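K.L.:
Sequence first, then the predicted structure, then my questions.
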Amino acid sequence: MQVIQTPEDKLEALGIVLPEVRRAVGNYVGCVRVGNLIFTAGQGVDQYHGKLGKDLSVEDGYAASRQSMLNLLAVVQNEVGSLNKVKRIVKLLGFVNCTEDFIDQPKVINGASDLLVDVFGEKGKHARSAVGMAQLPGGTAIEIEMIVEVEEEKGD
């Protein structure tokens, strides 16, 4: 008999505990649900600051991207109660704080994408953009936002 693991089970097996939901630092909310889609606000990281290609390596950026995704998953879990309600990760938009000549934005945002596939399998595969920025709020190394399809709520 095959045991079906929930995304929370997979996170636990990876030794990952989701962080507390970060407080918004402006006049916005962490996510907005429209029907069965959740649009998240961008999530930076507190652990990694500076520019990729100057202050931080691609490996640092990968780790920062992974941490940003954990922040995003905490927002989604807080919104719907369980990551098991995620039907599909639809799209990521990854911003990388980098030097003008840095060209490895996709390798940096792979930290988030790889984690999603590890946790959700095929449902974690998504469309994605990874772009370089001259600066990000607070000097964070990366910021990611995503669109997630979740199960319809009863009564929708």
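P.N.:
Happy to help now that I have it. Numbers count the residues shown, from 1 in each chain.
K.L.:
worst-scoring helix or strand of this structure, pLDDT-wise?
P.N.:
helix 7-13 (a mean of 93; mean pLDDT, DSSP states H and E).
K.L.:
Check which residues of the helix or strand following that one are buried.
P.N.:
Counting by DSSP states H and E, the element after helix 7-13 in chain order, helix or strand, is strand 31-34. By 16 or more other CB atoms under 10 Å, the buried positions in strand 31-34 come out as Cys31. Yep, even glycine has a C-beta here, placed from its N, CA and C like the rest.
K.L.:
List the buried residues in the least confident helix or strand of the chain.
P.N.:
Within helix 7-13, judged by 16+ other CB under 10 Å, the buried ones are Pro7, Glu8, Lys10, Leu11.
K.L.:
Could you list every helix and strand in contact with it?
P.N.:
If contacts are counted by 3 or more CB pairs under 8 Å, 6 or more residues apart in numbering; DSSP states H and E, helix 7-13 sits against helix 58-80, helix 105-120.
K.L.:
where does this protein have low pLDDT?
P.N.:
1-4, 154-156 (pLDDT under 70).
K.L.:
Quick check: longest strand in it by residues?
P.N.:
strand 86-97 (DSSP state E).
K.L.:
Contacts only, for the residue positioned nearest the centre of the chain.
P.N.:
In the chain, the C-alpha nearest the mean C-alpha coordinate belongs to Met69, at 2.6 Å (CA atoms, centre = their mean). The contact partners of Met69, by CB atoms under 8 Å, 6 or more residues apart in numbering, come to Gly111, Ala112, Leu115, Leu116, Ile144.
K.L.:
Just give me the closest of those residues to Gly35.
P.N.:
Nearest to Gly35 among the contacts of Met69 is Leu116, at 21.3 Å by CB to CB.
K.L.:
Could you count how many residues lie near the closest one?
P.N.:
By other CB atoms under 10 Å, the residues close to Leu116 number 24.
K.L.:
do the same with Ala127
P.N.:
10.
K.L.:
correct me, but it touches Val90?
P.N.:
Yes - with contact defined as CB atoms under 8 Å, Ala127 reaches Val90; the gap is 6.8 Å.
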